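In: Got a sequence here, can you build the structure:
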Amino acid sequence: MANKLKSSKTKPADPEQLKQEKEETVEVKQLLKDERTHKIAGSILLLFAFLFFIAFTSYLFTWGDDQDKFSYRMLLANDIKVQNLLGTFGAFISEVFVRHGFGIASYLICSTFFVIGVNLFFGKKVFSVVKNIKYLILGLPLISVAAAVVFQGKAFPYGGAAGDMMRDWLYQTIGKIGTIAVLSVAVLSYVIWRFNPVFKLPSKKEINADQDTEAEPENISEKVEWKNPAEPVVTTSG
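Out: Reported below is the predicted structural model:
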């Protein structure tokens, strides 16, 4: 029994192995903190932003030709020809994000990749990442459902599958008029929060000044002085 207990005790860890694991952990941390790693990651995100933007924009014109070819095997198949400028990759991600996702609101994904990529590439806070992510979280569903309502009945999926689903739910819950009213206030709130425009009514002084300006007639008269019978001189006063 005692022999079994002795044999069941765990063997002490090898000091060399522990030292090697610590060195590997330190190397990974240093790699993540390395400025070169940040620049490479930023370059990759900027590349994604560019590729997604080109794919989505091309999809606006080629979606009708490529939509029936969509499948998960299209990325690996060599016999599928698409019209998207980025080939099968562009057609695939466009179908996923635009048609089956959030429609034209998917462009916000490009802006998020761009913002994070620029900050990582330059190694400083050029744009606010947290603020942009907030805009992404709110803008994706809001713009998607608004596009689905405005462009309802169009062949192109402006709102995507997500926008159509939210639109149908709102129609059933509060009706079309209620949906339009809620979306109008929501879009206005989003614009105010995003851009903070200034809404200002004209003051009474400005209104009175404009009225006085319009009331003053232009008194322009021309006087013709004849210095010489053949050469009249015109002088303008007023």
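In: tell me the SS of Met166?
Out: Following DSSP: H, G, I helix; E, B strand; the rest coil, the label given to Met166 is helix.
In: how near is it to Lys29?
Out: Applying C-beta to C-beta, to the nearest Å, the value for Met166 to Lys29 is 43 Å. For the C-beta atoms, the positions are set from N, CA and C on the backbone; glycine is no exception.
In: cool, and Asp164?
Out: 46 Å.
In: do the same with Tyr171
Out: 53 Å.
In: which one of these two has more residues nearby?
Out: Higher neighbour count among Tyr171 and Lys29: Tyr171, with 14 against 10, using other C-beta atoms under 10 Å.
In: Against Ser189, how distant is the more buried one?
Out: On the measure of C-beta to C-beta, Tyr171 and Ser189 end up 21 Å apart.
In: starting at the chain centroid, how far to the host helix or strand of Tyr59?
Out: Tyr59 belongs to helix 35-66 when assigned by DSSP states H and E. Centroid displacement of helix 35-66 relative to its chain, using C-alpha atoms, centre = their mean, to the nearest Å, is 13 Å.
In: just stretch 48-67 next, same as before
Out: For stretch 48-67, the distance to the chain centre is 15 Å (C-alpha atoms, centre = their mean).
In: now that stretch: mean pLDDT?
Out: The predicted model assigns stretch 48-67 a mean pLDDT of 94.
In: Ok, stretch 119-137 next?
Out: What stretch 119-137 shows for mean pLDDT is 92.
In: Report the buried residues of it.
Out: For stretch 119-137, the neighbour count (16 or more other C-beta atoms under 10 Å) marks Asn119, Leu120, Phe121, Asn132, Tyr135 as buried.
In: outside of it, which residues touch it?
Out: If you take C-beta atoms under 8 Å, 6 or more residues apart in numbering as the criterion, stretch 119-137 is touched by 35, 38-39, 41-43, 45-46, 108-109, 111-112, 115-116, 118, 194.
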